[in-house]
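Asker: Sharing a model prediction with you, sequence too.
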Amino acid sequence: MSLTSVATALVVVLACSITAGLPGAVASGDTVSARRPLRGIDTVVSAQGKFELGLFSPGGSGRFYLGIWYKNVPVQTVIWVGNRVNPLSGSGVASTELRVSSDGNLELVGLSPSSATPGVLWSSNLSSSSSVSSSPGSNVAVMRDNGNLVLLDGGNSSNVLWQSFDHPTDTLVPEAWLGEDKLTGEYQTLTSWRNAEDPAPGMFTNTVDRNGSSDGVWTGRVFANLPEAVNNVLFNQTYVETPAYRRVTSVLYDNATVTRMVLDLTGQTKQFIWVPGSQSWQFFWAAPTVQCDVYALCGAFGVCNQRSQPPCQCPPGFAPAADRDWGLSDWSAGCHRSLPLQCGGNGSTDAFLELPGMKLPDDSLSVAGAQSKAECELACLNNCSCQAYTFSGGGCAVWHDGIRNLQQLFPDAGGGGSSSSSLYLRLSESELQQRMRGAKGKNRRRLWLALGIVLACIAALVVAAVAAWILVSRRRRRAEMANQKSSSLAVDGGDRESTFFPVWAAVRVAEGDTAAVADARLRGDVSEDELERACRVACWCIQDQEAHRPAMAQVVQALEGVVDVDMPPVPRALQHLATLT
């Protein structure tokens, strides 16, 4: 062998040795033990390669967590988190270990962001009695193909000492369960993430009701009052009760299906299916069906609007209490006042702003002595803790402290059977004065906008009339010329290929092809929603019957998107023009 060959071989061997020592490699087998700990960002994979256990960092936050995710799904989808309240420091990941300790516990040891020395950041926390075995240090953790991480007794592998299915985070996979351990009194509970970058426990939970409330009688397949479960074609639900536990679990009809149920950070329980063809998660169902029905979704003083994105908004005079969290779809902090209340001895420095079309919270207090709206308002003003009131059906109701579960309703949506009411929200007098000054400026702009629209409508009518006169005159001249020449040729409509623009535009709008009306010089830089709204308004402005044309105030509201604009018919005058061209 030449010196060159020997040198090349040494380089290859050294390169392989260095690569094997780098973190991120998949450890052999599907187990973790005292002799084979999991170090750094190495991972272990279940026997059939379905699930992977290791460290992950959500959203590039710089914090690391012990988690389980799908091995063959390219979009990392975490189904379980161990140290969700004690993250690892990014600088200490390389020295982190997941191991079986001398007392038989599975534990994660590493650096926290606030510590300079390694410590136990997560543990299976076996009790001394349950961890007793012939050799606790020989206990073995196994990553199973159903997504369950189990810790087995080193002296009896059929004895499960601890398992992740008993301690779910925000996700259930098939064969996992919700229920109660009757021996320990512990409940299996889903708890949402705090936000998209923080798996710490959020504000929503999903578990077996400890007070005995029911979602319907168990039929042998499902709970009767859960329509999504009744129509579920993915899996068969099973309810099991023994002296040791009671559980609700599910088994897939087709083991090739990849699905998960997650309690997301907005409070909805959602079912997803992985679609290999599109390489994406397909949404299957959610409960509650309407996101705004989630309890306290928008926090104190937040208003939920199902038609907006994001759904949570702050009412006038308020702003998000935690801007960054709102950007991460965590609205639980709600809204705070832009200016504090100026409640005096008689409350004369505060006033009320009407919020119409609201679904009101149920936790109001009745004021028996208030027989009119004015008396109801006065009762709220005289109590500095009163934040809002409503007066409807001859009754007065008030709210104190933070108001939750406000929801904007719409006349055409029905509100799921809920009637809308006006809520009168308390604001400081200075806040209302600022709003009034701002409203005056807006009204001036609206007036000029409305005048512009009206003038445009008038101009369109004038142009249409002039065009009609020109076209009729042109047709008459053609007919006279044809008669004079006694030609056998038919009267030629040679300019029909160049359709009169108002006719063409009105037809395009009626057919829903509004984008075609936009000036090509805009090069697509136009909001299709605003364009469609403007085109519909314009077509309504030139309707044949004056009664069908919108008033100035209606034009302004329509252009601002306050009211919906129905599809207008093509005016008969334009249709007549089309027959003349």
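Answerer: In hand now; what should we look at?
Asker: list the contacts for the residue nearest to W399 when sequence neighbours are not counted?
Answerer: Distance criterion C-beta to C-beta, 6 or more residues apart in numbering; nearest residue to W399, sequence neighbours excluded, is A388 at 4.8 Å. The C-beta positions use only the backbone N, C-alpha and C, and glycine is treated the same way. The contact partners of A388, taken as C-beta atoms under 8 Å, 6 or more residues apart in numbering, are 352, 380, 398-399, 403, 423-426.
Asker: State whether A534 is indeed within a helix.
Answerer: Yes: counting by DSSP: H, G, I helix; E, B strand; the rest coil, A534 falls inside a helix.
Asker: Apart from its neighbours in sequence, what residue is nearest it?
Answerer: Nearest residue to A534, sequence neighbours excluded (C-beta to C-beta, 6+ apart): L559, at 6.6 Å.
Asker: tell me the mean pLDDT for the host helix or strand of the one you found?
Answerer: Assigning secondary structure by DSSP states H and E places L559 in helix 552-560. Rounded to a whole number, the mean pLDDT of helix 552-560 is 65.
Asker: now do stretch 316-328
Answerer: 92.
Asker: Give the buried residues for it.
Answerer: Residues of stretch 316-328 classed as buried: 317-318, 320-322, 325-326, 328 (neighbour count, 16 or more other C-beta atoms under 10 Å).
Asker: okay, how far is it across it, tip to tip?
Answerer: 22 Å (C-alpha to C-alpha, to the nearest Å).
Asker: Could you give the bridge partners of S421?
Answerer: M358 (DSSP bridges).
Asker: and the residue nearest to A534, how many neighbours does it have?
Answerer: Counted with other C-beta atoms under 10 Å, the neighbours of L559 add up to 18.
Asker: That one against V537, yeah?
Answerer: Yes: shown here, L559 and V537 form a contact pair, counting by C-beta atoms under 8 Å, at 6.1 Å.
Asker: I'd like to know how far the residue nearest to A534 sits from Q543.
Answerer: Distance, L559 to Q543, using C-beta to C-beta, to the nearest Å: 17 Å.
Asker: Residue ranges in the stretch 251-400 of the chain under the pLDDT threshold?
Answerer: 344-348 (pLDDT under 70).
Asker: ok, which stretches of it are helices?
Answerer: For the stretch 251-400 of the chain, applying DSSP state H, counting those that start in this stretch gives helices covering 323-327, 373-381.
Asker: The chain now?
Answerer: Counting by DSSP state H, the chain has helices at residues 3-21, 227-230, 323-327, 373-381, 429-485, 501-510, 528-541, 552-560, 572-580.
Asker: Out of those helices, which gets the lowest mean score?
Answerer: helix 3-21 (a mean of 36).
Asker: what about C335, distance to G402?
Answerer: 9 Å.
Asker: Equivalent analysis for G179, please.
Answerer: 34 Å.
Asker: Of those two, which one has the most company?
Answerer: Higher neighbour count among G179 and G402: G179, with 20 against 14, using other C-beta under 10 Å.
Asker: Tell me which residues touch the more buried one, please.
Answerer: The contact partners of G179, taken as C-beta under 8 Å, 6+ apart, are 187-188, 208, 245-248.
Asker: Confidence-wise, which of those comes last?
Answerer: For those, the pLDDT minimum is V208, 79.
Asker: Tell me who's in contact with the nearest residue to N206 once chain neighbours are set aside.
Answerer: Closest residue to N206 apart from its sequence neighbours, by C-beta to C-beta, 6+ apart: L190 at 4.2 Å. Shown in contact with L190 (C-beta under 8 Å, 6+ apart): 168-172, 178, 205-207, 262-263, 269.
Asker: now do C304
Answerer: 291-292, 297-298, 311-313, 405-408.
Asker: and of those residues, the nearest to Q342?
Answerer: L406 (23.0 Å; C-beta to C-beta).
Asker: Can you get me a residue count around that closest one?
Answerer: L406, neighbours per other C-beta under 10 Å, totals 26.
Asker: That one bridge partners, please.
Answerer: V303.
Asker: Please renumber the chain so that the first residue is 24 from this point on.
Answerer: Sure, I'll start numbering at 24, so the last one becomes L429.
Asker: M381 versus that one, what's the distance?
Answerer: 6 Å.
Asker: Quick check: neighbours shared by these two?
Answerer: With C-beta under 8 Å, 6+ apart as the test, L429 and M381 both reach 326, 446.
Asker: What count of nearby residues applies to the nearest residue to T282 once chain neighbours are set aside?
Answerer: Closest residue to T282 apart from its sequence neighbours, by C-beta to C-beta, 6+ apart: I296 at 4.9 Å. For I296, the tally of surrounding residues (other C-beta under 10 Å) stands at 14.
Asker: Same question for W185.
Answerer: Counted with other C-beta under 10 Å, W185 comes out at 21.
Asker: Correct me if wrong: it contacts L174.
Answerer: Yes: using C-beta under 8 Å, W185 is in contact with L174, at 4.2 Å.
Asker: what about L320, neighbour count?
Answerer: Neighbour count of L320, defined by other C-beta under 10 Å: 24.
Asker: for it, what are its contacts?
Answerer: Counting by C-beta under 8 Å, 6+ apart, L320 has contacts 289-290, 314, 327, 334-335, 354-355, 428.
Asker: Give me the distance between it and A538.
Answerer: 35 Å.
Asker: Could you do C407 as well?
Answerer: Here C407 is placed at a distance of 54 Å from A538 (C-beta to C-beta).
Asker: do the same with V163
Answerer: Counting by C-beta to C-beta - V163 and A538 are separated by 63 Å.
Asker: So which of the two has more stuff around it?
Answerer: Using other C-beta under 10 Å, the more surrounded residue of V163 and A538 is V163, with 19 against 13.
Asker: Does that one touch R58 like I think?
Answerer: No: V163 is not in contact with R58 according to C-beta under 8 Å; the separation is 9.5 Å.
Asker: Tell me which residues touch D168, please.
Answerer: Contacts of D168 (C-beta under 8 Å, 6+ apart): 69-71, 73-74.
Asker: Any chance of a markdown table for the residues you listed, columns pLDDT and distance to Q260?
Answerer: Shown next, in a markdown table, are the contacts of D168 (pLDDT from 0 to 100; distance: C-beta to C-beta, whole Å):
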| residue | pLDDT | distance to Q260 |
| --- | --- | --- |
| S69 | 98 | 24 |
| A70 | 97 | 26 |
| Q71 | 96 | 24 |
| K73 | 97 | 22 |
| F74 | 98 | 22 |
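Asker: Format those residues as CSV; extra columns: distance to A219 and neighbour count.
Answerer: Shown next, in CSV, are the contacts of D168 (distance: C-beta to C-beta, whole Å; neighbours: other C-beta atoms under 10 Å):
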residue, distance to A219, neighbour count
S69, 27, 20
A70, 32, 13
Q71, 30, 10
K73, 25, 18
F74, 22, 26
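Asker: This completes my enquiry, with thanks.
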